[in-house]
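In: Take a look and give me a structure for this.
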Amino acid sequence: MNQPISKAKLPTGPFREGDRVQLTGPKGRLNTITLRAGDKFGTHRGDLLHDEIIGKPEGSVVLNQVGVEYLAFRPLMSDFVLSMPRGAAIIYPKDSAQIVTMGDIFPGARVVEAGVGSGGLSMYLLRAIGDHGSLDSFERREEFADIARANVATNLGIVPENWNIHIGDLQDQLPQQKEAGSVDRIVLDMLAPWECVEQCATALVPGGLLIGYVATVTQLSRFAEALKDSGHFNEPEAWESMVRGWHLQGLAVRPEHRMIGHTGFLITARRMAPGSFAPNFKTRNKPEFSDEDVSAWNPDHLGERKVSDKKLRKTIRSAEAAAEARIDQN
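Out: Numbering: from 1, shown residues only. Prediction:
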């Protein structure tokens with residue numbers, strides 16, 4: 001089933017059976033469905049027949065049985081990521097965009113990511129590296145890897161051959177799977193990225209970039225200190241992004257009442273040449289921290305969200321069913 005990513009062509013033209021369609025209904029509510037001949041999308045406002053959508057061009061307005069209007073488009077990747085089956089919490093599109101841009105993910109890049117989660121970031125990375133790059137994703141839980149693989153297949157119609165998923169801890173698997181100095185970029189989305197600093201430094205080429213995504217201030221602090229203490233990286237930089245939409249209606253133009261605020265912190269650092277050490281350009285050093293401070297940074301204190309086995313099995317079935325429909329369509 002693995003194929004070059006160039007064969008992953010986004011569907012265009014009239015809607016076909018097997019297409020995923022995003023319906024915008026009354027009050028702007030969004031629903032994503034997979035078109036099947038003879039099927040229907042049921043709501044308390046009446047049923048919308050899939051056959052009324054199949055054959056129509058994107059951007060059509062379709063009516064359900066009682067005349068309620070729906071606007072039909074194929075979902076963008078950002079839409080798909082927010083609606084796809086998930087086992088692990090996703091990286092929001094706003095952060096994926098920052099990772100691709102500030103992580104300098106380029107066509108042909110050799111990229112490593114850990115963990116793979118539900119595959120949302122993987123799709124953006126695969127699109128950025130193109131046919132000639134490679135993406136190696138490391139995931140501790142095989143169930144999450146199955147969901148990610150199915151989600152990528154659903155979105156792209158294939159599982160790209162330049163994408164490999166490795167099961168296990170990054171610090172154990174990375175030295176086995178990638179030679180020293182063979183990786184251009186590493187993206188870490190994990191509870192304790194400071195545990196992998198040495199392995200990442202070994203895998204990266206000089207000048208390579210490491211970018212981490214962490215949820216809490218304590219994680220950010222410990223990861224930054226680990227990067228500095230390793231002696232392998234330049235001074236790390238950290239930031240967060242927030243997105244606030246705007247209400248547009250005539251002259252009533254104002255910020256929306258709700259916004260996407262804090263989702264996570266991003267931190268980047270560049271790999272120094274072997275034997276080189278970053279100069280200390282700061283005139284004041286930070287105060288030392290105590291053992292009690294360090295204990296608060298342990299993964300057990302960081303609130304990892306637990307997912308039940310039953311929910312995972314249901315999510316895998318849903319993701320794989322969508323993937324099979326998309327691949328059969330291709």
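In: Can you get me the start-to-end distance on stretch 167-180?
Out: For stretch 167-180, the first-to-last residue distance is 20 Å (C-alpha to C-alpha, to the nearest Å).
In: Also stretch 34-44?
Out: 19 Å.
In: If you count neighbours, what's buried in that stretch?
Out: By 16 or more other C-beta atoms under 10 Å, the buried positions in stretch 34-44 come out as T34, L35, D39, K40, F41, T43. (Each C-beta comes from the backbone N, C-alpha and C, glycine too.)
In: Which neighbouring elements make contact with the lengthiest strand in the chain?
Out: Identified as the longest strand of the chain according to DSSP state E is strand 204-214. Packing partners of strand 204-214 (3 or more C-beta pairs under 8 Å, 6 or more residues apart in numbering; DSSP states H and E): helix 93-102, strand 183-188, helix 217-230, strand 265-270.
In: Now do the contacts for the residue nearest the centre of the chain.
Out: Nearest to the mean C-alpha position of the chain, counting by C-alpha atoms, centre = their mean, stands L121 at 2.1 Å. Residues near L121 by C-beta atoms under 8 Å, 6 or more residues apart in numbering: I90, I91, S96, I99, E113, V187, D189.
In: coming back round to it: for the longest strand of the chain, which strands pair with it and how are they oriented?
Out: strand 183-188 (parallel), strand 265-270 (antiparallel) (DSSP bridges).
In: Buried ones in it, by neighbour count?
Out: L204, G208, L209, L210, I211, G212, Y213, V214.
In: which one of those is nearest V61?
Out: Of all these, Y213 has the smallest distance to V61: 39.0 Å, by C-beta to C-beta.
In: burial of the closest residue to W246 other than its chain neighbours, as a residue count?
Out: The shortest distance from W246 to any non-neighbouring residue, by C-beta to C-beta, 6 or more residues apart in numbering, is to P255 (5.8 Å). Applying other C-beta atoms under 10 Å, we find 10 residues neighbouring P255.
In: Was I right to think P255 contacts H247?
Out: Yes. When contacts are counted by C-beta atoms under 8 Å, P255 is listed as touching H247 (7.2 Å).
In: coming back round to it: dump the buried residues of stretch 34-44 into JSON lines; add distance to G18 and secondary structure as well.
Out: Formatted as JSON lines, the buried residues of stretch 34-44 follow (distance: C-beta to C-beta, whole Å; DSSP: H, G, I helix; E, B strand; the rest coil):
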{"residue": "T34", "distance to G18": "7", "secondary structure": "strand"}
{"residue": "L35", "distance to G18": "6", "secondary structure": "coil"}
{"residue": "D39", "distance to G18": "11", "secondary structure": "coil"}
{"residue": "K40", "distance to G18": "16", "secondary structure": "strand"}
{"residue": "F41", "distance to G18": "15", "secondary structure": "strand"}
{"residue": "T43", "distance to G18": "22", "secondary structure": "strand"}
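In: Where does confidence bottom out across the residues you listed?
Out: On pLDDT alone, T43 ranks lowest of the buried residues of stretch 34-44, at 87.
In: How much space separates that one from V21?
Out: Noted for T43: a distance of 15 Å to V21, by C-beta to C-beta, to the nearest Å.
In: Quick check: which element contains E198?
Out: E198 belongs to helix 197-203 when elements are defined using DSSP states H and E.
In: Tell me the buried residues in that helix?
Out: Buried residues in helix 197-203 (16+ other C-beta under 10 Å): V197, Q199, C200, A201, T202, A203.
In: by contact count, what packs against that helix?
Out: helix 170-177, strand 183-188, helix 217-230.
In: can you list contacts of that helix?
Out: By C-beta under 8 Å, 6+ apart, the residues outside helix 197-203 that reach it are 112, 170-171, 174-175, 178-183, 186, 188, 210, 226-227, 230, 232-233, 271.
In: redo that, cut-off 10 Å
Out: Outside of helix 197-203, the residues within contact range by C-beta atoms under 10 Å, 6 or more residues apart in numbering are 110, 112, 114, 136, 169-175, 177-184, 186, 188, 193, 196, 208, 210, 212, 223, 226-233, 269, 271-272, 274.
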